[in-house]
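Engineer: what follows is a predicted structure for the sequence shown.
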Amino acid sequence: MKKYFVIFFAVLFVNQLVSQDKTIQLKNQVEYARLLLLSNPDSTITILLETIENSIKEGNVEVEGESKLIIGVAYSNKNEYEKAIEYLNLAADIFKSNGNNTGLSKVYNNIGNILFNLGTYKEAIEQYEFARELKEKEKDEKGVGITLNNIGNVYFVWGKYLKAEEYQLQALKIFDKLNFENGKASCYINLGLIYEDLAENISDFSADTLSNYDISVSYFEKALDIYLKTNNKYGLANSYGNLGNILSKQRNFKDALENYTKEMGLRKEVSDKVGLAASLVNIGIVYYELQKINLALSYAEEAEKINLQTNHVYGLCKSLYLKGLCFERLNNVESIQFIKESYKLAVDNNFMDMQKILALEMSKISERTGNYKDALNYYKLNQSISDSLVNTKTRKYILELKTQYELNEKEYVISTQQQQIKEQNLAGRIKDIKIEKNRISILFLVSGLFLLTIVVIAIAFYFKQKKKNLEVKMKHNTIKAHLEGQEEERRKIAVELHDDVGNSLAGAGNILTNLTGDYPEISILYKVEKEVTASYRKVRMFSHQLAHFASLDRDITESLGDFIDEISLSSKAIIEFNLNGWETNKQPDSDLKTAIYRTAQELIINSIKHSEAKKIKLNLKNETHFEVIVEDDGKGFDQNTTSKGMGLNNIAQRVEYYNGKLEIETKPGSGCKTLVIFPKNL
């Protein structure tokens with residue numbers, strides 16, 4: 001019996017050893033796949049799919065969940081976000097079922113990363129906040145700091161600089177407490193990027209730009225010191241690259257090239273292909289600025305190959321842009337093709353910074369090829385994007401950030417000193433009080449400067465508005481003087497026609513009438529008499545048209561009725577005259593009455609003279625405003641090719657003077673309808 005017991009326990013012991021060995025083997029596979037994650041994500045996926053199959057057989061849920069999590073990250077690195085989210089959700093289900101909050105927080109963080117890359121910033125922050133809650137429950141301070149860092153990055157890209165800085169400083173405080181050096185360095189880099197972005201986008205404030213670049217460099221140098229101590233090659237590459245960017249913007253190409261070269265070497269060491277391509281483009285841009293075009297082109301083409309391999313669209317956009325610039329400098333006609341490809345990628349993927357640069361380049365290309373309309377449109381697009389990137393909000397951020405930066409720096413110093421005071425004597429406390437007074441003085445000073453800036457802007461706006469109102473008034477008076485002068489001139493001409501030419505024609509007509517009575521056999525006298533009589537009638541009609549009203553008290557509808565009766569005698573067109581609201585509603589004043597009369601008169605004369613209309617309809621409305629509507633069934637015209645005559649120009653001036661409205665509906669062969677509106681309350 002004892003023999004069987006010994007055999008049983010021996011078999012059980014061996015099974016446990018085998019089971020433990022398989023678990024270790026599965027975990028080793030996971031760790032090996034994790035090492036390949038950045039350099040070869042496809043191999044990571046292949047290894048872990050086999051690991052998942054084996055872990056399911058062994059019932060090892062922990063390994064299964066971790067494998068699905070890493071596969072999700074691998075797909076994310078390949079920019080296959082749909083697959084990535086699928087595997088991350090599968091991992092989340094496993095972690096939720098076995099209460100693995102650590103694994104679940106990793107899932108939320110990675111989904112947040114994907115949403116961040118897709119530009120859905122609000123949803124990304126929600127995922128990061130879920131991860132943060134789990135980290136706080138687990139009392140994982142380091143994890144909380146990492147999540148705060150991620151949220152700060154989202155706010156930075158979103159353009160919310162104050163929020164970005166707030167979260168980065170919270171993360172920095174936690175990492176400083178934990179002595180987590182790489183975490184501190186990451187925060188320093190992100191803070192440097194915030195101030196670099198402000199320096200670049202607020203370039204019209206030279207003092208602020210210089211200050212922000214200085215702050216940015218100080219943060220990058222702090223990060224570099226840490227990465228040198230910890231020998232973090234990824235961090236060192238990022239630091240050298242960021243310093244190179246600032247030096248390049250300051251046109252210090254020699255030092256920029258030195259930093260970019262260091263970055264490139266580190267990217268190669270850690271097999272960071274995406275980062276390597278970005279570094280190659282930056283080096284190419286420096287050589288382009290130094291007029292070493294063939295060298296710049298070689299870097300652009302090498303970057304292009306890597307970006308195509310990694311399917312990194314933003315990197316491809318930048319490398320094609322640089323390649324196009326180089327080809328253009330070498331007078332190669334293919335330059336336009338590469339610039340256009342780059343521009344299409346920027347538009348399709350909403351890369352606003354590249355759209356701004358490429359819109360200007362496309363404007364230059366269009367101008368060179370003689371397509372001036374496209375050149376103007378691309379230039380306007382460049383200006384529009386520039387305005388959206390550099391707006392009043394951003395200017396406000398710079399003032400707020402400067403104040404916030406000074407306050408945060410002071411508060412950090414104060415908190416450090418307060419810690420030291422506990423171990424020091426009374427002299428330390430006195431020093432702390434002095435610092436507090438300095439902080440208050442700075443607050444008052446910055447607040448005063450801010451208020452002064454607001455007052456200056458308000459005064460400038462007031463004088464600008466006053467100047468604009470004066471210009472409008474001067475234009476208004478010019479139009480009024482022109483219209484009054486025109487009416488006076490018409491009155492004088494009407495008097496001359498009626499009193500001089502009209503009387504002369506009437507006298508000539510009487511003489512001819514007497515002659516025809518004395519010499520009836522001379523038939524030509526009848527014809528001459530007829531022509532003179534007709535001319536007299538026309539002169540009389542024209543003088544009445546020009547003189548307008550015999551009296552200012554006369555109703556406008558009577559005057560228009562007389563005008564229509566007179567002009568109908570010499571016109572083949574049938575003129576229909578309709579009124580609406582004139583008996584009961586308020587009548588226009590004398591000046592507006594003149595404007596309405598002249599508008600109706602000139603529109604009817606235009607229809608008779610130019611449209612060959614058979615029927616003309618005049619509608620005069622007096623309701624919430626005064627309306628003159630003239631419709632005809634004439635031949636119409638094309639508004640795009642037909643220039644306005646004197647009559648329409650006069651109408652347009654009156655409409656502008658009274659803040660009215662002019663609408664013309666017409667096309668060739670379809671008649672014409674003109675609507676003129678004059679407001680009642682001026």
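Structural biologist: Thanks, I have it.
Engineer: quick one: low-confidence ranges for the stretch 101-250 of the chain?
Structural biologist: 201-210 (pLDDT under 70).
Engineer: can you do 80?
Structural biologist: Where the stretch 101-250 of the chain drops to pLDDT under 80, the residues are 119, 159, 198-212.
Engineer: where along it do the helices fall?
Structural biologist: Assignment of helices within the stretch 101-250 of the chain using DSSP state H, counting those that start in this stretch yields the ranges 101-117, 121-137, 141-158, 161-178, 181-201, 206-230, 233-249.
Engineer: adding mean neighbour count, write those helices out as JSON lines.
Structural biologist: C-beta coordinates here come from the backbone N, C-alpha and C atoms, glycine included. Listed next are the helices of the stretch 101-250 of the chain as JSON lines, based on neighbours: other Cβ atoms under 10 Å:
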{"stretch": "helix 101-117", "mean neighbour count": "22"}
{"stretch": "helix 121-137", "mean neighbour count": "19"}
{"stretch": "helix 141-158", "mean neighbour count": "21"}
{"stretch": "helix 161-178", "mean neighbour count": "20"}
{"stretch": "helix 181-201", "mean neighbour count": "23"}
{"stretch": "helix 206-230", "mean neighbour count": "18"}
{"stretch": "helix 233-249", "mean neighbour count": "22"}
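Engineer: could you dump the ones you listed into a markdown table and include distance to L48?
Structural biologist: As requested, the helices of the stretch 101-250 of the chain are arranged in a markdown table below (distance: least, Cβ to Cβ, whole Å):
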| stretch | distance to L48 |
| --- | --- |
| helix 101-117 | 15 |
| helix 121-137 | 22 |
| helix 141-158 | 23 |
| helix 161-178 | 30 |
| helix 181-201 | 26 |
| helix 206-230 | 29 |
| helix 233-249 | 23 |
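Engineer: to N259, which of those helices lies closest?
Structural biologist: Nearest to N259, of all these, is helix 233-249, at 3.6 Å by Cβ to Cβ.
Engineer: now the element after that closest one, going C-ward?
Structural biologist: Using DSSP states H and E, the helix or strand that follows helix 233-249 in sequence is helix 253-269.
Engineer: which residues are contacting that next one?
Structural biologist: Here helix 253-269 makes contact (Cβ atoms under 8 Å, 6 or more residues apart in numbering) with 233-234, 236-238, 240-241, 243-245, 247-248, 273, 275-276, 279-280, 282-283, 286, 289-290.
Engineer: what's the answer for stretch 47-55, then?
Structural biologist: Contacts of stretch 47-55 (Cβ under 8 Å, 6+ apart): 22, 26, 29-30, 32-33, 36, 61, 63-64, 67-68, 70-71, 74.
Engineer: go with 6 Å
Structural biologist: L26, Q29, A33, V63, E64, S67, I70, I71 (Cβ atoms under 6 Å, 6 or more residues apart in numbering).
Engineer: does the third one touch T44 like I think?
Structural biologist: Yes. Under the criterion of Cβ atoms under 6 Å, A33 makes contact with T44 at 4.5 Å.
Engineer: what about L193, distance to I215?
Structural biologist: 11 Å (Cβ to Cβ, to the nearest Å).
Engineer: repeat that for I306.
Structural biologist: Separation of I306 from I215 (Cβ to Cβ): 33 Å.
Engineer: for N54, same thing?
Structural biologist: Distance of N54 to I215, computed by Cβ to Cβ: 53 Å.
Engineer: same check, this time on I677
Structural biologist: Distance, I677 to I215, by Cβ to Cβ: 58 Å.
Engineer: go ahead and confirm G235 touches Y227.
Structural biologist: Yes. G235 is within contact range of Y227, at 3.7 Å (criterion: Cβ under 6 Å).
Engineer: any shared contact partners between the two?
Structural biologist: A185.
Engineer: now the phi/psi pair for the nearest residue to G660 once chain neighbours are set aside, please.
Structural biologist: Spatial nearest neighbour of G660, chain neighbours left out: F678 (4.6 Å); criterion: Cβ to Cβ, 6 or more residues apart in numbering. Note on F678: backbone dihedrals following degrees, to the nearest 10 are phi -120, psi 120.
Engineer: can you pull the contacts of F678?
Structural biologist: Listed by Cβ under 6 Å, 6+ apart, the contact set of F678 reads F626, Y658, G660.
Engineer: count of residues packed around the second one?
Structural biologist: This points to Y658. As a burial measure, Y658 scores 22 neighbours (other Cβ atoms under 10 Å).
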